[in-house]
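[1] Give me the fold of what follows.
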Amino acid sequence: MKAAFFYGPNKIKIKNINIDNTSNDSLTLKVLSCSVCSYDVRTYRNGSFKVKPPIVLGHEICAETTKEFKGKNFNMKSHERVSIYPVIPCLHCWHCNQKKYNLCSNLKEIGSTVNGGFAEYISIPRTLFEIGGVVPVLDNVTNEEASLIEPLACCINGINQIKSIDFDSIVIMGDGPIGLMQLMLLKRNFPSIQVMVVGKINHRLEMARKLGADKVYDVNDNSNFEPVSNLFMELNGRQSPNLIFVSNNNASSLAAACKLANKNGKIIIFSGLKNPKPESHNIDESPTIDANFIHYNQISVMGSFSSTPMDLKMAMELVNSGEIRIKDLITDTFELFKLEAALMNSESFLGLKSIINKF
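    Here you go, the predicted model:
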C-alpha cells in the first residue's frame, strides 16, 4: 500500500509498504478519506512532543471494513463505512474505568503515536471496536463528511462541559473549522444566546455570518481586541462576554480572552498553543494567567481535549439528520501524493477543510 510518512519538520515521503494482517489484536481498514487538521499542519512544520518519526499522520478518518469483523461488543459487515475514534486507551487506568477514554493516563493516539490515516490502509486496535470507537457511517453522510465526524465530536465534548453553566453571552475566538463547528452546535443548543465569532480571515468570517453568528469581528492585525467590548455592548447590553472559547492556536487569543472575560466568566481552552508567547508585541501579557485575575473576578478556566465514543456517535447522528451541515466546511480535496500541498493549503487559510480522498 501507499503511505505518507512524516520524517521530521517539512519532510514527508510517500512509500510503498506491505500491509500487516498478522496481528490478532488489530484489524485492517481501507481508508476512504482523511481530513487535514491544524495539528497535522503544526506537526509537519515543527514536529510534536507526541510524535516520533517516521510515522503516518492523520486522525480524522473515514474508512471501510475489508471483511466481516466480529468480536466483543461489535459485529460489522464487509465493506461497511466507519468513522474512527483516534484515541487508543489503556482500559486499565481510573479514567478508562469511568469511560473517559480521552483522559486515559496511558493513551496512544492514531496519527501521533501509531500510524494514521494518510495511507491506503490503516490498522485499528481491536479494543477500539470493543469500546464503540468505530462508528458506522450513516446513509446521508458522505465519505468526506465522515472524516469530519471526529473534530465535530471534539466540539461536542467541549459543549457538553458548559451545558450546566450559567451564561448569557459567548465569544468564539477562532474562525477556522473548529470555531465554525462550535458556532453551529452552540446555536443549536442555545438558540437564544448571543454568539460572536472573532477571527482574521474574511471568507471564514463570512461563513460564520451564514452559519448564524450574531456578530463577527475581524482582528486583522492579530492584536486589537478592544473594540470587541463595544460590539458586545451593542449586541446584548454588557461590555464583556461571560463565556469565551479559545478555539485557535495563537497564544495572543488566550491573552485577549483574559482581558475580555467578564466577572464570573468562563474561558474554555480548546486548542493547544503553537508557541508559548503571543505573536504580537502589542499584547502585554503572556498566556500565563494571573492568579489575582482569576481570584478577584471569579474566573473559571477549563480545558477541552478530544472526545468520547459517545460524542462520535452523536456527531454522526447530527450530520446524518442535517442538523449540523459540516459539508459547508469542505472546500478542497487532494490525492495522497499531494498531501504536502493539502497541508500548505490549510496553513495558508485558503479554504476551510482540506481532505485527502484519493489514494
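[2] ok, Gly133 - how many residues close by?
    26 (other Cβ atoms under 10 Å). C-beta coordinates here come from the backbone N, C-alpha and C atoms, glycine included.
[3] Would you map the helices across the stretch 101-250 of the chain?
    Using DSSP state H, counting those that start in this stretch, the helices of the stretch 101-250 of the chain run over 126-130, 143-146, 149-160, 177-189, 202-210, 227-236.
[4] Out of those, which gets nearest to Phe270?
    Phe270 sits nearest to helix 149-160 of all these, at 5.6 Å, using Cβ to Cβ.
[5] thinking again about what came up before, mind checking the helices of the stretch 101-250 of the chain for the one nearest to Ile355?
    Proximity to Ile355 (Cβ to Cβ) singles out helix 143-146 among the helices of the stretch 101-250 of the chain, at 5.1 Å.
[6] and the closest one, what does it pack onto?
    With contacts taken as 3 or more Cβ pairs under 8 Å, 6 or more residues apart in numbering; DSSP states H and E, helix 143-146 sits against strand 26-35, strand 60-65, strand 81-84, strand 330-335, strand 353-358.
[7] Now do it: everything it contacts.
    32-33, 35, 62, 81-83, 137, 316, 319, 326-327, 330, 333, 355, 357 (Cβ atoms under 8 Å, 6 or more residues apart in numbering).
[8] Point out where the protein drops to low pLDDT.
    Along the chain, segments meeting pLDDT under 70 span 22, 221-226, 236-239, 274-288.
[9] Can you give me the domain assignment for it?
    The record's domain parsing of the chain by automatic domain parsing lists 2-153+307-358, 162-303.
[10] Report the contact partners of the residue nearest the centre of the chain.
    Note on the chain: the residue nearest the mean C-alpha position is Pro151, at 3.8 Å, using Cα atoms, centre = their mean. Counting by Cβ under 8 Å, 6+ apart, Pro151 touches Ser35, Cys37, Glu60, Pro177, Ile178, Met181.
[11] make it 6 Å
    Pro151 is in contact with Glu60, counting by Cβ atoms under 6 Å, 6 or more residues apart in numbering.
[12] Quick check: the gap between it and Ile61.
    Distance, Pro151 to Ile61, using Cβ to Cβ, to the nearest Å: 11 Å.
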